[in-house]
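Trainee: turn this into a structure:
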Amino acid sequence: MHRVKDYNQKIWYIKETYNNGWSYDYLEIQIKRDAYKRQIFGDKPNNFKLTLLQPQSLLAKEIMKDPYIFDVGALRENFVEKDIEKAMIDRIKMTLLELGNGFSFIANQYRVTVNDEENFIDLLFYHTKLHCYIAIELKNKKFIPEYAGKMNYYLSALDDMLKTELDNPSIGIILVRNKNKLNEENFKGF
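Mentor: Sure thing, here's the model as predicted:
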């Protein structure tokens, strides 16, 4: 903590360490990665205010970071999404710590079948504080609108197949290589 000069940042790191059970080494990693600024000040495009009720919209926004930093080791030069996914699964503990408190891993390549058509969600989690499923799609390209359409399809399928009356609507996160500055209204349903 001696590297953190700002009082508010110190308090934030102390609270996060307590809430998430961070080890000394992991706290040091978070300080190096400037987790405070990524969590508090990151530009996180979303439409949670438009699609979720309070307090879920605020909680959903709080779980987002910008950018996410996943130390997935050395990947070959021309890696594809499956390579990123495999590296993340191999390092699931660090992946869960980066995602934040409350994420519970369900599956990778989670099968979604609608009208005999099979699709696969790259990563599926359940968030224990938001009480909802979270679908994560990994794209090794910059964002294109088709990704949002496919995510909406996944979210509808998850809500139809898995969601109970105790669960909140599912949330989708699309992780892309490059960040676009998009208006909240460009997102529908996630």
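Trainee: C-alpha only now, for contacts and for neighbours.
Mentor: Will do.
Trainee: endpoints of stretch 114-132, how far apart?
Mentor: End-to-end distance for stretch 114-132, by Cα to Cα, to the nearest Å: 20 Å.
Trainee: is residue 142 part of a helix or strand, or is it coil?
Mentor: Residue 142 falls in the coil class when you classify it by DSSP: H, G, I helix; E, B strand; the rest coil.
Trainee: neighbours of it, how many?
Mentor: Using other Cα atoms under 10 Å, residue 142 has 11 neighbouring residues.
Trainee: cool, and residue 35?
Mentor: There are 23 residues near residue 35, going by other Cα under 10 Å.
Trainee: where does pLDDT dip in the chain?
Mentor: 1, 38-51, 53-79, 93, 178-190 (pLDDT under 70).
Trainee: care to break the protein down by domain?
Mentor: 1-41, 42-186 (automatic domain parsing).
Trainee: please name every helix or strand in contact with the host helix or strand of residue 85.
Mentor: According to DSSP states H and E, residue 85 maps onto helix 81-90. Applying 3 or more Cα pairs under 8 Å, 6 or more residues apart in numbering; DSSP states H and E, one finds that helix 81-90 contacts strand 132-139.
Trainee: which parts of the next helix or strand after the strand it packs on are buried?
Mentor: Heading C-terminal from strand 132-139, the first helix or strand you meet, by DSSP H and E, is helix 145-161. Going by neighbour count (16 or more other Cα atoms under 10 Å), the buried part of helix 145-161 is 148, 151, 152, 154, 155, 156, 157, 158, 159.
Trainee: return the most buried member of the domains of the chain.
Mentor: domain 42-186 (a mean of 16; mean count of other Cα atoms under 10 Å).
Trainee: one step back: check the offset of the helix holding residue 85 from the chain's centre.
Mentor: Helix 81-90 has its C-alpha centroid displaced from the chain centroid by 15 Å (Cα atoms, centre = their mean, to the nearest Å).
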